[in-house]
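**Q** sequence below, structure please.
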Amino acid sequence: MKKSWIVVANAHRARCFERDDKGGALNELADFIYPQTRINTGPDVADPTGEAGKGHGRTGHSGRQFEPRTETHDKERVSFARTIADYVNDGVAGQRCVGLSLIASSQMLGDLRPLLSVAATKVLRYSVDRDLTAYQGTELKERIDHALELPE
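**A** Numbers count the residues shown, from 1 in each chain. I've put the predicted structure just below:
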């Protein structure tokens, strides 16, 4: 029987479910929890002097060049999205699912979709901007069914 995967996610948690194409029961395959964000209590560990970005500009004078600011939690959230995408990409490559639905917060959808492989993108049926991670059991199933009935 052909199986589809449904990923329900936000920036803190993601769950992957499997269900047959006839809309049967949800079988949970994986539950991912966002790792705790490190607390920045001082200078960067890699650069305890606080001199990050020091170098030579185009003019050859010493000065500072700065990378665009990316918060640590943003980097960790993208890393979390990569973990989820790797799991999904492996499942599609291993032919464990023939269809994929993403139901996630807009932030997670934005992080997750670009990380999907070409094969996973081809089997992506639905991409719904909705956070259902707080729901369990029958209520979760009903909300997933409702979300997947909406037009794309």
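**Q** count of residues packed around Ser105?
**A** When neighbours are defined as other CB atoms under 10 Å, Ser105 has 18 of them. (C-beta placed from N, C-alpha, C; glycine too.)
**Q** tell me the contacts of it?
**A** Neighbour list for Ser105: 9-11, 129-131 [criterion: CB atoms under 8 Å, 6 or more residues apart in numbering].
**Q** cutoff 6 Å now
**A** Ser105 is in contact with 10, 131, counting by CB atoms under 6 Å, 6 or more residues apart in numbering.
**Q** can you report phi and psi for it?
**A** Per-residue torsions, Ser105: phi -60, psi 160 (degrees, to the nearest 10).
**Q** ok now the biggest helix by length in the chain, how far from the chain's centre?
**A** For the chain, the helix with the greatest residue count under DSSP state H is helix 72-93. With CA atoms, centre = their mean, to the nearest Å as the basis, helix 72-93 stands 5 Å off its chain's centre.
**Q** how about the helices of the chain, start to end?
**A** 72-93, 106-112, 118-123, 137-149.
**Q** I'd like the ones you listed as a markdown table, with mean pLDDT, mean neighbour count and distance to Lys3 appended.
**A** A markdown table is the format used below for these (pLDDT from 0 to 100; neighbours: other CB atoms under 10 Å; distance: least, CB to CB, whole Å):
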| stretch | mean pLDDT | mean neighbour count | distance to Lys3 |
| --- | --- | --- | --- |
| helix 72-93 | 90 | 17 | 9 |
| helix 106-112 | 94 | 19 | 20 |
| helix 118-123 | 97 | 14 | 11 |
| helix 137-149 | 92 | 14 | 15 |
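**Q** of all those, which one comes closest to Gly24?
**A** Among those, helix 137-149 comes nearest to Gly24, with 9.9 Å by CB to CB.
**Q** contacts for the closest one next, please.
**A** Helix 137-149 is contacted by residues 26, 103, 126, 128, 130, 132, 135 when judged by CB under 6 Å, 6+ apart.
**Q** one more time with 10 Å, if that's ok
**A** Identification of contacts with helix 137-149 by CB atoms under 10 Å, 6 or more residues apart in numbering yields 4, 6, 8, 15, 17, 19, 23-26, 28, 101, 103, 125-126, 128-130, 132-135.
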